[in-house]
Structure formats: structure tokens, C-alpha cells
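> Here is the input, now give the coordinates:
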Amino acid sequence: MHVDLYDFHLPEELIAQTPLSDRSASRLLTLDMRSGKTEHRHFTDILEELRPGDTLVLNDTRVIPARLFGIKEDTGAKAEVLLLKSLDEDRWEALVKPGKKLKTGAVISFGEELRAVIEEESDMGGRTLRFMYNGIFQEILDRLGTMPLPPYIKEKLDDRERYQTVYARNEGSAAAPTAGLHFTEELLDKIKAKGVNLAYITLHVGLGTFRPMSVETVEEHVMHAEFFMLSQETADILNEAREKGSRIVAVGTTSCRTLETVGGMFKGEPLEACSGWTDIFIYPGYEFKLVDALITNFHLPKSTLVMLVSALAGRENILAAYQEAIEQKYRFFSFGDAMFIY
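Purely as a prediction, here's the structure:
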């Protein structure tokens, strides 16, 4: 299956550069995956779309200020580091720029309190870094780091918390689970009051979010592994939902991938608390095991995320809905508008 089947033209002006002042003021395009029918609504209308007994699954990962700017100690040249995955207390998997000049053995200084040495190299700017510092690493990172906004966002983010969900609590992500950015505490309270169950999983977003597909056919692509956690409390909620036959609604592709990973592990048996690494790649032909509906943003052309939503709703339905969103001037990507696929 050729990657170009998931291409579409997106006018650059539709890429949202800043978040709305009110999280829940975004627009909502609803898509019936069986009929292809669409409706244009506001995100707060998700309250009407959800049913009593539904289980809404949210990713509670918290983004760390993972982008660091420093200098190469021997030359004074500028260096940029994006932390992706903690390997142990002081070692991280990261992306670096400029990759051609930052080789094994190079030392990067981020000021008097933080330095890093490159221990290993991998492809496309990937590096393993070992950090040297005095004090508590997370506190230093909070002071020196900046939020790792995707490369298509050119505007500066004034408030760090606008790139966090209101329920973010488990630190470790290199990107926000952006479908969750639309929810406010007030809206979540109304959803609970309606009789919808809220369940939380964790998936720390990593390298896969930042790297485009570089293959011609979908089947050739290999996803990078990301860490996930499922608590027993959430496992119990999901087991009850399955027993009752009520809908499991994933908030975002990260929640969806975590749920489907867990569904594949237990193969129809009752779910239990678990954690580990997932490199699940969902594209058309995939049979969903747990997810019945999905709240998601609008994704990049030819991306693994467009393929995931196409697996759920059908490629033709998705591309038609995206074209409609473009004609209606929806805002795209991380700070953009939302879809509800049901």
C-alpha cells in the first residue's frame, strides 16, 4: 500500500500556530465511520455526542521541557538537543542539531550547571547523551529547557501549560497528546455528571511524533517504541465496559495505540495492570480490539496518524472529511480543531 494514498493538499495558513484562549472553544467535526456522514459542531458539543455508560480514556502523560540550547565546548558552535527517552538516571535518547557536527565524544554545555557528552550515534540525528550536573536534573531542566513544540509551529508559546492537558500528571513525554488539549476541568465535570466513566492511561510520546515516514509503502515503516502504563483501576473500568457492551472512546491517537497494545496483549481475556514499550503501527486492515470511537485532531498528510484514523473510519471517509475541513477552514494539527469518529 503506497504512502501517497494518504496525501492531501493542506494550505499552510490552516496550520494553527497558537492555542485558543479558551481550550474548549475549538470546532468539532463529527464523522460517522459507517455512513461517512459529517456534521460541523463546537467542541463543547462532545457532551451531546457521548452517552451515559461510555468510557472516555485519556492519556495523562505530562510534557517535559525537553528542548535544550547550548554550545559545543571545543568550538563554541550552537547546539540544540531534544530529549526523547530517559534510558537511566543520567542517560537520554535524543535528537541533536546540527547532526553532522555533533559526533560521539562531543561535549555540549548548557551553562554552568549542565553539560552532556555524546556517547552513541544513530540515524537521522539520533544520539545517546550522558548528562553531568550538580543538583536535581528535573529542576535544572525546568529552568533551562523549553517546550518541544512540533517543527510546523513557528510562534513562541507564552504559557507552557497550554501545551499540557489539564489532567497531565506523569512526566516523561516529548510531545503533548493534543486531542486532550480541548478539555477543561468544567467540561470533564459535565461529562462525568452525564454518567460517562473517565479512565486514564499513560503513553509518553517519543521519536515517532517527530520523524516523518521515509518509505514508499506503508508496510515498510517501523514505529519507534514508546513507554506506556495501564493501572489496575483503569483495567477494571475497561473490563466492566466490555462486559456491559458500552463504548470505549479514546481521546487521541496515543490513547488509542495504548488501548490497542493492551488489547493485543490480553487477547480477549480480562485486562490487568501492565506497563512496557509499544511500537504498534495501526493502518487500514487492522482490526480494533478495544477502541469503539475516537476524539482526535487533524493530522499531517502521509503520516502514521492519518493511517490510524483511516484504519478506524476508512480511508475514503477520512480524506473526504479532511477535504471538507479544509474547505470550512478548520485549524489543523497540535493547536487545531478536533474530530469525533464514532
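
> quick one: low-confidence parts of the stretch 101-250 of the chain?
124, 207-211 (pLDDT under 70).

> Render the CA-only coordinates of stretch 16-30 in CSV, please.
What follows is stretch 16-30, C-alpha atoms only, in CSV (Å, rounded to 0.1, in the frame of the first residue of the first chain):
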residue,chain,number,x,y,z
ALA,A,16,-2.7,26.5,13.9
GLN,A,17,0.2,28.4,15.3
THR,A,18,-1.2,29.3,18.7
PRO,A,19,-3.7,27.8,21.1
LEU,A,20,-7.2,29.4,21.5
SER,A,21,-7.6,31.4,24.7
ASP,A,22,-10.4,29.0,25.7
ARG,A,23,-9.4,25.4,25.4
SER,A,24,-12.9,24.1,24.6
ALA,A,25,-13.7,26.9,22.0
SER,A,26,-12.4,24.8,19.1
ARG,A,27,-14.6,23.4,16.4
LEU,A,28,-15.6,19.7,16.2
LEU,A,29,-16.2,17.7,13.0
THR,A,30,-18.1,14.6,13.7
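
> Now do residue 161 against residue 229, distance only.
Going from residue 161 to residue 229 by Cβ to Cβ, to the nearest Å gives 23 Å. Placement of C-beta: from N, CA and C, glycine included.

> Between those two, point out the one with more neighbours.
Higher neighbour count among residue 161 and residue 229: residue 229, with 19 against 12, using other Cβ atoms under 10 Å.

> list the contacts for the more buried one?
By Cβ atoms under 8 Å, 6 or more residues apart in numbering, the residues touching residue 229 are 170, 201-203, 274-275.

> Whichever helix or strand it is part of - which strands sit beside it in the sheet, and in what orientation?
Using DSSP states H and E, the element containing residue 229 is strand 226-230. Sheet pairing for strand 226-230, assigned by DSSP bridges, gives strand 197-203 (antiparallel), strand 274-278 (antiparallel).

> quick one: the helices in the stretch 151-300 of the chain?
Here the stretch 151-300 of the chain has its helices, by DSSP state H, counting those that start in this stretch, at 185-193, 232-244, 253-266.

> Residue 157: which of those helices is closest?
Nearest to residue 157, of all the helices of the stretch 151-300 of the chain, is helix 253-266, at 19.9 Å by Cβ to Cβ.

> okay, the closest one in CSV with CA atoms only?
Presented in CSV, the C-alpha positions along helix 253-266 are these (Å, rounded to 0.1, in the frame of the first residue of the first chain):
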residue,chain,number,x,y,z
THR,A,253,-4.2,8.5,18.9
THR,A,254,-1.8,7.9,21.9
SER,A,255,-4.7,6.6,24.0
CYS,A,256,-5.9,4.6,21.0
ARG,A,257,-2.4,3.0,20.5
THR,A,258,-2.1,2.2,24.2
LEU,A,259,-5.5,0.6,24.3
GLU,A,260,-4.9,-1.5,21.2
THR,A,261,-1.5,-2.6,22.5
VAL,A,262,-3.1,-3.8,25.7
GLY,A,263,-6.0,-5.4,23.8
GLY,A,264,-3.5,-7.4,21.8
MET,A,265,-1.6,-8.5,24.9
PHE,A,266,-4.6,-10.0,26.7
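
> Output the contacting helices and strands for that helix.
strand 55-59, strand 197-203, strand 226-230, strand 248-251, strand 274-278, strand 293-297, helix 304-313 (3 or more Cβ pairs under 8 Å, 6 or more residues apart in numbering; DSSP states H and E).
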